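Peer 1: Provide a 3D model corresponding to the input given below.
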Amino acid sequence: MRISGRERGRYDCQLVLPELGERGQAALRAGRVLVVGAGGLGAPVLLYLVAAGVGHVTVVDDDVVELSNLQRQVLYTTDDLGQPKAERAAARLRAMNPEVTVTAVTERFRAATAAALVAAHDVVVTAVDNFPTRYLLNDACVLARRTLVDGAVLRTSGLAMTVKGGETACYRCLFPEPPPPAGVVSCAEAGILGPVPGVIGAVQALEAIKVLAGVGQPLYGRLLQFDGAAMTFTEVAVARDPGCPVCGRRPTITALRDLDDGGAC
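Peer 2: Numbers count the residues shown, from 1 in each chain. Purely as a prediction, here's the structure:
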């Protein structure tokens, strides 16, 4: 696919990158990314994907914009209060880059529709703050052999890892089962410093762009840990677990099911 003159004007600063160029930009234009969650993580992910020219972006979120969101969810303004996040996000993204197709899904991400949504995209981004949805996304991507870019934040720290479904270590290789609900602390309870999801969301967007364009080394088999208080990044190697319940040699999870309700930070 040829790069138009308008595209050259918009994407000039990344077209000149030798590792990307016209071939990489064409791959981005042909790419389809599913972002589940339009909150603190989803906002920077969506902004950077659409700005980079990813051809089709689908955003899934059933929540509405609340005043407490504005401290970190940089897609929204005070005028958006009470409005569906997915719709407001899509409208702002279309205005920023009308060359990108943005689809809003104002429903909770559920097992009943997960397989079809995941299968229709090349890369899936986890931008939620709850374990049930995180595990459902992981399982759906492993079963569909799609790439998952996972991220999580709390207080002043965050994590990121990329999973090539069915080929590299998945989230369940690290944590086979979700923790009990009583032991989980939410962003609302523990707090979150606004720039922290911005940092992790930018990492996730970069990972998705690298995967689509076929450049660089994604975080396959690597867990990236960010400590915002100390301003450090550390990396932990993650090996694929032969006993993993979804991607192991004898998987016990072969179909998708809902574990619990979810949300987005």
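Peer 1: Neighbours of the nearest residue to A229 once chain neighbours are set aside, how many?
Peer 2: Leaving aside its chain neighbours, A229 sits nearest to T156 (4.5 Å; criterion: C-beta to C-beta, 6 or more residues apart in numbering). C-beta here means a position set from N, CA and C on the backbone, and glycine is covered the same way. Other residues near T156 come to 16 when the count uses other C-beta atoms under 10 Å.
Peer 1: quick one, phi/psi of T156?
Peer 2: Phi and psi for T156, reported as degrees, to the nearest 10, are phi -120, psi 20.
Peer 1: isn't it right up against T232?
Peer 2: No. Using C-beta atoms under 8 Å, T156 is not in contact with T232, being 11.2 Å away.
Peer 1: what residue ranges in the stretch 51-200 of the chain score low on pLDDT?
Peer 2: 182-183 (pLDDT under 70).
Peer 1: Walking through it, point out its strands one by one.
Peer 2: In the stretch 51-200 of the chain, the strands defined using DSSP state E, counting those that start in this stretch lie at 56-60, 101-105, 123-126, 147-154, 157-164.
Peer 1: if you compare those strands, which one is most tucked away?
Peer 2: strand 123-126 (a mean of 29; mean count of other C-beta atoms under 10 Å).
Peer 1: Give the partner strands of that one in its sheet and their orientations.
Peer 2: strand 32-36 (parallel), strand 147-154 (parallel) (DSSP bridges).
Peer 1: how far out from the middle of the chain is the shortest one?
Peer 2: How far strand 32-36 lies from its chain's middle: 7 Å, per C-alpha atoms, centre = their mean, to the nearest Å.
Peer 1: ok and the lengthiest helix in the chain relative to strand 157-164, angle-wise?
Peer 2: Longest helix in the chain by number of residues (criterion: DSSP state H): helix 195-213. Per axes from the mean of the first three to the mean of the last three C-alpha atoms, to 10 degrees, the angle that helix 195-213 makes with strand 157-164 is 10 degrees.
Peer 1: right, and the helix or strand after helix 195-213?
Peer 2: strand 222-227 (DSSP states H and E).
Peer 1: just to revisit the earlier point, next, the contact list for the residue nearest to A229, please.
Peer 2: Each residue near T156 by C-beta atoms under 8 Å, 6 or more residues apart in numbering is listed here: 193, 196, 227-229.
Peer 1: how near is it to E66?
Peer 2: Using C-beta to C-beta, to the nearest Å, T156 is found at 22 Å from E66.
Peer 1: re the thing from before, what would the strands of the stretch 51-200 of the chain look like in TSV with distance to A26?
Peer 2: Formatted as TSV, these follow (distance: least, C-beta to C-beta, whole Å):
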stretch	distance to A26
strand 56-60	14
strand 101-105	16
strand 123-126	16
strand 147-154	19
strand 157-164	22
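Peer 1: Between those, which one is closest to L174.
Peer 2: Minimum separation from L174 across these (C-beta to C-beta) falls at strand 157-164, 8.0 Å.
Peer 1: How about residues contacting the closest one?
Peer 2: By C-beta under 8 Å, 6+ apart, strand 157-164 touches 138, 141-142, 147-153, 168-171, 174, 196-197, 199-200, 203-204, 207, 211, 218-220, 222-229, 238.
Peer 1: got it, and stretch 68-78?
Peer 2: Residues contacting stretch 68-78 (C-beta under 8 Å, 6+ apart): 38-40, 42-44, 46-47, 65, 67, 85, 88-89, 92-93, 188, 192, 194-198.
Peer 1: Mind doing that once more with 10 Å?
Peer 2: 38-44, 46-47, 59, 63, 65-67, 80-81, 83, 85, 88-93, 96, 153, 187-188, 192-198, 201, 264-265 (C-beta atoms under 10 Å, 6 or more residues apart in numbering).
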